[in-house]
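Undergrad: Fold the following, please.
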Amino acid sequence: MHIRTSGGRALRALLAAVLLTVVVGLAACAPAGKTAGSVTLTFASWVPDIERAVQKWNATHDRVTVRYQAMSGDDQTKVQTAIDAGAGPDVTQISQFLVPDYAISGRAAPIGDYVGDAAGRFSPAAWKSVAFGGEVYGVPQDTGPTVLYYRKDLFAEYGITVPRTWQEFRAAAEAVRRADPGARLTALPPNDERWWQGLLWQSGTQWSGIKGQSWVAAIDTPASQRVARYWQTLLDEDLVVPRQAYGPATWNAIQRNEILALSHASWFSEVLATNAADQAGKWAVAPIPTWEGSEATGDTGGSANIVSAASDHPREAAEFALWLNTDPESLRILIHASGLLPAATTGLDLAAAAPGVAYFGNQRINRLFVDAAQRLSTRWSYGPGMEHSYATFNGGLADVADGRRKLPGLMTEVQSATVALLTAKGLSVTVPGTAKSSGGGRR
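TA: Presented below is the predicted three-dimensional model:
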């Protein structure tokens, strides 16, 4: 796939059509051309040890120097403020779900002219997170595909086969409760909307996207409702237990052998090894169960490197961001020092070659992670207002865990809240299955 646009004109035209008012300054977000002479860029990231990759760049590039600035994931609001003030880093790491909002607000510079045909160097699902409306607004950095972590010793003791489908997963949940009424196959987190994202992504839910000159709100769909009904039924029948993600109650239950499996992202392997260190050798990794007729997996979300609209050197900044996430030496640092699963196809190949992990009985778990990344559904699209959608969803999950609300109804509420937000922002919104778009934006 060759991505080639002209200075962001395609998406700017789209946004002009769907906004009630013109997004002031958007057309000035993409200064073109290289600056003569030496260039110094600033790069902000929360990835541990990523400065080693920056040092590699500086050692191999004479004209462009990159200065690294450490940040935390919570600093993303500060970065937005800095860019709005015409300052901030030239290149910054953001969560992939924020890319559409950065594009609409004009904070992320369109870089399609600079990254050329880079789409073919990344997994399709990852590239889709930064490219929409005919333009490119970032370079994907990492991915978090879901897999199944399970206690292989307890599975053997209870005679449970690792489930390959969600139907088999339910049967396994029934078998665990029969074998030990005090144990459950898994825990359902009422405080982790990104865990749910992985399940919804896998189902084939689109969530968002662009249709014509409207943003799509496709949250409350048959695929989403299938996931919601499935897990609501497991809750109602007491086959799974609600537990706060990463909370003491979850880890205590794991220590007492009361939770036998957890579906989670690739990066969760280190969290598990840290919090259940005395169970080393007892855990293994398997592919996430799938829906019948599909081999698709889901993603809990990764990050991207965007070029700030305030940067005076967008070409050089884009070239650095692309190098950082595709150069083999840089990718080795991101894999082995930073612990990332890269979004680049070369990075996935390098990750698959990693040796076995002692905690998991020397199982080569990266092969499972890479396989999951390569089978990600490509229907999923992030859209504007994701933080609001997540907050609405997360706000209702506690009530679901307590039995005061049901998951299918919560999906409907999230859709309604998202449509209301986007309409209030002046965006034209299309809801699949309805006859017309909402919002007052020009079509």
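Undergrad: where does T250 sit relative to G120, distance-wise?
TA: 40 Å (Cβ to Cβ, to the nearest Å). Backbone N, C-alpha and C define where each C-beta goes, glycine included.
Undergrad: more crowded one of those two?
TA: T250 (21 against 12; other Cβ atoms under 10 Å).
Undergrad: Which strand or helix spans the more buried one?
TA: Using DSSP states H and E, T250 sits in helix 248-255.
Undergrad: tell me which residues of that helix are tucked away?
TA: Under the neighbour-count criterion of 16 or more other Cβ atoms under 10 Å, helix 248-255 has 250-251, 253-254 buried.
Undergrad: Give me the average confidence score over that helix.
TA: On average, the pLDDT along helix 248-255 is 95.
Undergrad: 217 is where my numbering starts, stick with that
TA: Got it, first residue is 217 now, which makes that one helix 464-471.
Undergrad: immediately after that helix, which helix or strand?
TA: Following helix 464-471 in sequence, per DSSP H and E, is strand 475-481.
Undergrad: Give me the below-cutoff pLDDT ranges for the stretch 517-659 of the chain.
TA: Scanning the stretch 517-659 of the chain with the threshold set as pLDDT under 70 gives 650-659.
Undergrad: So which residues of it form strands?
TA: 519-523, 645-646, 653-654 (DSSP state E, counting those that start in this stretch).
Undergrad: Quick check: which of those is buried the most?
TA: Counting by mean count of other Cβ atoms under 10 Å, strand 519-523 has the highest mean neighbour count of the strands of the stretch 517-659 of the chain, with a mean of 28.
Undergrad: Indicate each strand paired with that one and its parallel or antiparallel sense.
TA: Sheet pairing here is set by DSSP bridges, and for strand 519-523 it gives strand 307-311 (antiparallel), strand 355-356 (antiparallel).
Undergrad: Let me have these in TSV, extended by mean neighbour count.
TA: TSV is the format used below for the strands paired with strand 519-523 (neighbours: other Cβ atoms under 10 Å):
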stretch	mean neighbour count
strand 307-311	25
strand 355-356	28
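Undergrad: G289 reaches W262, doesn't it?
TA: Yes - with contact defined as Cβ atoms under 8 Å, G289 counts as touching W262 (5.2 Å).
Undergrad: of these two, who's got more company?
TA: Between G289 and W262, counted using other Cβ under 10 Å, W262 has the larger neighbour count: 16 against 10.
Undergrad: From Q309, how far off is the more buried one?
TA: 6 Å.
Undergrad: which residues do the two both contact?
TA: Common neighbours of W262 and Q309, using Cβ atoms under 8 Å, 6 or more residues apart in numbering, are M287.
Undergrad: returning to that earlier point: state the pair within the buried residues of helix 464-471 that is farthest apart.
TA: W467 and A469 (7.3 Å; Cβ to Cβ).
Undergrad: got the residue ranges for the strands in the stretch 367-516 of the chain?
TA: Here the stretch 367-516 of the chain has its strands, by DSSP E, counting those that start in this stretch, at 400-404, 426-427, 430-432, 457-458, 475-481, 499-503.
Undergrad: so which of those comes closest to Y446?
TA: With respect to Y446, and counting by Cβ to Cβ, the nearest of the strands of the stretch 367-516 of the chain is strand 400-404 at 11.1 Å.
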